[in-house]
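Colleague: my questions concern the predicted model and sequence given below.
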Amino acid sequence: MNTKLLGIFIEVVNTQSFAKAARVLDLDPSAVSRAIQQLEAELHCTLFRRTTRHLAITDAGVLVAQRAQHILDAVAQLKDCSDDELEQIQGRVSMSTSVAFGQTCVLPFVSEFLSAYPNIHLDLKFTDQNLDLVADKIDFAIRLSPSIENNVVRSKLLSTEYRICASRAYLSTTPQLNTPEDLAQHRVITFDLPAYKRAWKFKRQHSVSEIKINPILTISNAIALQQAILNDIGVGILPHWLADDLIRNEKLVNLFPSAPVTATTFDTAAWLIYQNRQYLPRRTRIAIDFFCEKIKTNFGNEV
């Protein structure tokens, strides 16, 4: 059986659309439709029920999809075996994460990765949008969002902690800031997200207090927010992976080191996600292991 037909079929299953599958595969929609018809003819069964507005996989289609994925994974695994025999790990690996996390926690280690694996082509998509792993051909992603789709494999990569920071120059010319309540007397900078603009939550003596804030500046990009704090504009909230090096180097002050703070919940994290499939190409597993180890080692410790 032609494995290309199986690949097209699996893409339709994953995207739940002939048109979306065609875009992912860079094919004409009519070619996708013909491929499914050919596969149905070879298997003597109906794989999808189609109307002008709806596409639903049949019971037979579910069974075929399970077995087809096994076949495609086995073919990919065989290719990896032949690569290993040649002592080559090659091909494209696509990764997605936010702009700030990518620039801060991924980009510093890219040169080392490419030196170790010169035949791997890294495709890094740094965007603050949550790209679709299937439609956008993403091998794995690191998400900071607490809501992760159900049809992916996910594992917690890094717990995220937040710091309330200010520059020494800003603090030298403003009223003392001894408690979170003193924020009312200061210029506050925060993320342009609803939860961040209303209040910040502080853990103090086994209880949580909510301090209302009235920002004078909201910024949608974490790197720009970091720079605004460094530019002495005011007091801001940053994830630890953007703040801790600057605190250690005394470029920023961690204002409340003994009071954990958040704008949302205290269990925020960075999550590794990838497609729910039995077999990952070795190049993808190598990239995941490399970057996860680097991120955990370099950004997993508190100040």
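Modeller: Okay, I see it. Residues are numbered from 1 along each chain as shown.

Colleague: every contact and neighbour count from this point should use C-alpha atoms.
Modeller: OK.

Colleague: strands of the stretch 1-150 of the chain, start to end?
Modeller: 48-50, 55-57, 91-97, 120-126, 140-143 (DSSP state E, counting those that start in this stretch).

Colleague: same list (the ones you listed) but as JSON lines, adding mean pLDDT, mean neighbour count and distance to Val24.
Modeller: JSON lines is the format used below for the strands of the stretch 1-150 of the chain (pLDDT from 0 to 100; neighbours: other C-alpha atoms under 10 Å; distance: least, C-alpha to C-alpha, whole Å):
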{"stretch": "strand 48-50", "mean pLDDT": "85", "mean neighbour count": "14", "distance to Val24": "19"}
{"stretch": "strand 55-57", "mean pLDDT": "88", "mean neighbour count": "15", "distance to Val24": "17"}
{"stretch": "strand 91-97", "mean pLDDT": "95", "mean neighbour count": "20", "distance to Val24": "14"}
{"stretch": "strand 120-126", "mean pLDDT": "96", "mean neighbour count": "17", "distance to Val24": "16"}
{"stretch": "strand 140-143", "mean pLDDT": "94", "mean neighbour count": "24", "distance to Val24": "16"}
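
Colleague: right, and the ones you listed - which one's nearest Asp182?
Modeller: Among the strands of the stretch 1-150 of the chain, the nearest to Asp182 by C-alpha to C-alpha is strand 140-143 (33.2 Å).

Colleague: list the contacts of that closest one.
Modeller: Outside strand 140-143, the residues that touch it by C-alpha atoms under 8 Å, 6 or more residues apart in numbering are 94-98, 130, 133, 270-275, 284, 288.

Colleague: if we use 6 Å, what do you get?
Modeller: The contact list for strand 140-143, computed with C-alpha atoms under 6 Å, 6 or more residues apart in numbering, reads Met95, Ser96, Thr97, Ala270, Trp271, Leu272, Ile273, Tyr274.

Colleague: endpoint to endpoint, stretch 53-60 covers what distance?
Modeller: Stretch 53-60 has its terminal residues 21 Å apart, counting by C-alpha to C-alpha, to the nearest Å.

Colleague: actually stretch 50-66, not the one I wrote
Modeller: Per C-alpha to C-alpha, stretch 50-66 runs 20 Å from first to last residue.

Colleague: buried set for that stretch?
Modeller: Ile57, Gly61, Val64, Ala65 (16 or more other C-alpha atoms under 10 Å).

Colleague: turn the strands of the stretch 1-150 of the chain into JSON lines, including distance to Ala22.
Modeller: Below are the strands of the stretch 1-150 of the chain laid out as JSON lines (distance: least, C-alpha to C-alpha, whole Å):
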{"stretch": "strand 48-50", "distance to Ala22": "16"}
{"stretch": "strand 55-57", "distance to Ala22": "15"}
{"stretch": "strand 91-97", "distance to Ala22": "19"}
{"stretch": "strand 120-126", "distance to Ala22": "21"}
{"stretch": "strand 140-143", "distance to Ala22": "21"}
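
Colleague: out of those, nearest to Glu181?
Modeller: Among these, strand 140-143 sits nearest to Glu181 (C-alpha to C-alpha), with 32.0 Å.

Colleague: distance between the helix or strand that that closest one is followed by and the chain's centre?
Modeller: For strand 140-143, the following helix or strand on the C-terminal side (DSSP states H and E) is strand 152-159. Its chain's average C-alpha position is 9 Å from that of strand 152-159, according to C-alpha atoms, centre = their mean, to the nearest Å.

Colleague: partners of strand 152-159 in the sheet?
Modeller: Paired neighbours of strand 152-159 in the sheet (DSSP bridges): strand 269-275 (antiparallel).
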